[in-house]
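Pasting the sequence and the predicted coordinates here, then a few questions.
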Amino acid sequence: MSIFPRPIIVISKCLGFAPCRYDVGMIQFPLVESMKPYVDFIDICPECEIGLGVPREPIRIVFKDKKRLIQPATGLDFTDKMVAFGKSYLEKLEDFDGFILKSKSPSCGIGTTKVFQDSFSKEYLHHHENGFFVDAVLRSFPDLPVIDEKHVDDPLLRDYFLTRVFALSSFREASFCGKMQTLNSLVEYHTKNKFLFMAYDKQLMTCMGNIVANRGNFPVENAYENYLSLLLQVLSKQAGTGSTINALMHAFGYLSRNLSASEKFNFMQKLQKYREDGSVIFELRKWFISKAEEFSADYLLKQTLFCPYPPELSGSLRIV
C-alpha cells in the first residue's frame, strides 16, 4: 500500500488549538486529533493577529456601500487591518496544501457568514458571505482545497478534501525529490494516480500523460509547471459518478480473469448501488484492495484511487 506524504494544512486556531474565540471558547474538533499523525497544521486566528484580544467584543460584517468589518460595541472599523493582514500573511506562507477554517466567522467563514445592514441591526441581510480572511485566500489561491469544520464532517466532502490535499502534497514531494526535479519522479507520480485522475476527468488525465511523456524534450521545470496547472484543474471539482465508474471498470480489467462469475456479479451489483449512493465508493475501494491483495495485482495496490489518503481518516468523525 501507499506511503503517504504529510500534507500541510492551514487551520483556524479555535478548532482545537487554542481558546481564542471572542468568548474565550474553543471548538472541540476530533478530526484534528485523528489527522495529527498524518498531517502538519499551521494554526491561525486572523482576529487575534490584527490585535483583537481574548476575550473581545464581537465583530460583524456590515454591508451598505461596501463590505466592512465592524465592532458594534466600539464602532471601530477593522476592514483595512484585516485586508492588509490577509494579504501579508498569505504572501509569506510557503509549502501548504489546503485550509480548514471556522464556519460562520466574519474572518474565516466560507459562504456561511452573516451580513448585517448596519452595526446595530439584530436581523441580518443574509448568511452566505465569505469572511475577510477567506476572501484573501480565494483571491490568492483559488485552486487550493478550502473547507470549513461543518462541511468536513460530511463523509463525501471530507473524502474530496482529503483526496485533494494528499494528491497535492504528494506532487509537492515529487517536485523536489532529492531537492531536484526529475522526469522519473513525475512519471512515478502520474502512474500511481492514473485511475484517480481518470475518475475526475479522463481527457485531462490523457493530457497530463502527454506532458509526462515529454515527447518534445522540454526542460523538466516546464513539464512540472504545465503538469501542475492541469493537476489543479483536474481536481477542481468532485469526480462524477459516470467517470468514476469508467475508471473502476478499467481497473476491473486487471482482475476480471481471476474472478468467478459470482464475484463478477457481486462487483456489478456494487457499481449499481454506487450509481444510487455515492458513499458506496468506500465499499468499492475496500473490495478492490482486497482482490488486488488476493491476486497480487501490485499495479492496482499502488493506485491512489483505492486509497487516496490514510484509511484511518475516512471514518465518521463528529464535531463536538
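Alright, I've got the coordinates.

from memory residue 250 sits against residue 198, does it?
Yes. Using C-beta atoms under 8 Å, residue 250 makes contact with residue 198 at a distance of 6.6 Å. No exception for glycine: its C-beta is placed from N, CA and C like everyone else's.

Settle it for me: which of these two has more neighbours?
More crowded of residue 250 and residue 198, by other C-beta atoms under 10 Å: residue 198, with 24 against 15.

Mind listing residues that contact the host helix or strand of the more buried one?
Element membership of residue 198 [criterion: DSSP states H and E] is helix 183-200. Taking C-beta atoms under 8 Å, 6 or more residues apart in numbering as the criterion, the residues outside helix 183-200 that touch it are 2, 163, 167, 170-171, 174-175, 177, 204-205, 208-209, 212, 214, 220, 223-224, 227, 234-235, 237, 239, 243-244, 246-248, 250-251, 302-306, 308.

hmm, 7 Å instead?
Residues from elsewhere that reach helix 183-200 (C-beta atoms under 7 Å, 6 or more residues apart in numbering): 167, 170-171, 174, 177, 204-205, 208-209, 212, 214, 220, 223-224, 227, 234-235, 239, 243-244, 246-247, 250-251, 302-305, 308.

for stretch 112-119, same thing?
Contacts for stretch 112-119 (C-beta under 7 Å, 6+ apart): 60-64, 70, 72, 75, 103-106, 124-127, 129-131, 148.

which of these are buried?
By neighbour count, with 16 or more other C-beta atoms under 10 Å, the contacts of stretch 112-119 hold 60-62, 70, 72, 103-106, 129-131, 148 as buried.

Could you tell me which of these belong to strands?
60-62, 70, 129, 148 (DSSP state E).

mind putting the residues you listed in a markdown table, distance to residue 291 and pLDDT included?
Formatted as a markdown table, these follow (distance: C-beta to C-beta, whole Å; pLDDT from 0 to 100):
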| residue | distance to residue 291 | pLDDT |
| --- | --- | --- |
| 60 | 54 | 98 |
| 61 | 52 | 98 |
| 62 | 58 | 98 |
| 70 | 59 | 97 |
| 129 | 47 | 97 |
| 148 | 37 | 97 |
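
quick one: the helices in this protein?
Secondary structure of the chain (DSSP state H): helices at 30-35, 46-49, 79-92, 132-140, 155-175, 183-200, 202-213, 220-234, 241-252, 261-276, 280-294, 298-301.

Tell me which of those helices is the most buried.
helix 46-49 (a mean of 23; mean count of other C-beta atoms under 10 Å).

by contact count, what packs against it?
Contacts defined by 3 or more C-beta pairs under 7 Å, 6 or more residues apart in numbering; DSSP states H and E place helix 46-49 against helix 79-92.
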